[in-house]
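>>> No letters, just coordinates:
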């Protein structure tokens with residue numbers, strides 16, 4: 001023998017299911033938005049790392065150039081006898 005739910009109980013169950021479906025849909029939308037935001041953050045971080053790498057290379061190049069200039073100035077001072085003893 002098959003038992004049937006009373007109409008009030010059936011309506012209550014349907015109401016709860018609709019509420020659950022709405023909550024799941026909102027969570028799915030939130031997760032989708034979070035995925036998009038995380039992707040943007042990852043892209044920004046990757047770009048920042050590239051920029052930072054470029055800055056480090058530039059600083060190293062400047063340091064090398066300044067070392068060469070410093071050595072040349074030392075030689076000039078010695079030739080002109082301007083160097084401190």
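Structure received. Note that the coordinates shown come from a computational prediction; the quantities given were computed from them, not determined experimentally.
>>> Find me the pLDDT at residue 83, would you?
Looking at residue 83, its pLDDT stands at 72.
>>> ah, wrong one, I meant residue 10
With respect to pLDDT, residue 10 has a value of 86.
>>> Tell me where the model's unsure across the protein.
Counting by pLDDT under 70, the chain shows low-confidence ranges at 1-5, 85.
>>> which stretches of it form helices?
7-79 (DSSP state H).
>>> Return the backbone torsion pair for residue 83.
Per-residue torsions, residue 83: phi -70, psi 140 (degrees, to the nearest 10).
>>> Now do the residue nearest to it when sequence neighbours are not counted against residue 50, distance only.
Nearest in space to residue 83, with sequence neighbours left out and distances taken as Cβ to Cβ, 6 or more residues apart in numbering, is residue 77 at 4.2 Å. Backbone N, C-alpha and C define where each C-beta goes, glycine included. For residue 77, the distance to residue 50 equals 41 Å [Cβ to Cβ, to the nearest Å].
>>> Likewise for residue 40?
In terms of Cβ to Cβ, residue 40 sits 16 Å off from residue 50.
>>> got it, and residue 20?
Counting by Cβ to Cβ, the gap from residue 20 to residue 50 is 45 Å.
>>> now do residue 72
33 Å.
>>> same check, this time on residue 68
Counting by Cβ to Cβ, the gap from residue 68 to residue 50 is 28 Å.
>>> what do you get for residue 64?
In this view, residue 64 and residue 50 are 22 Å apart by Cβ to Cβ.
>>> same check, this time on residue 80
Remark: distance between residue 80 and residue 50 (Cβ to Cβ) = 45 Å.
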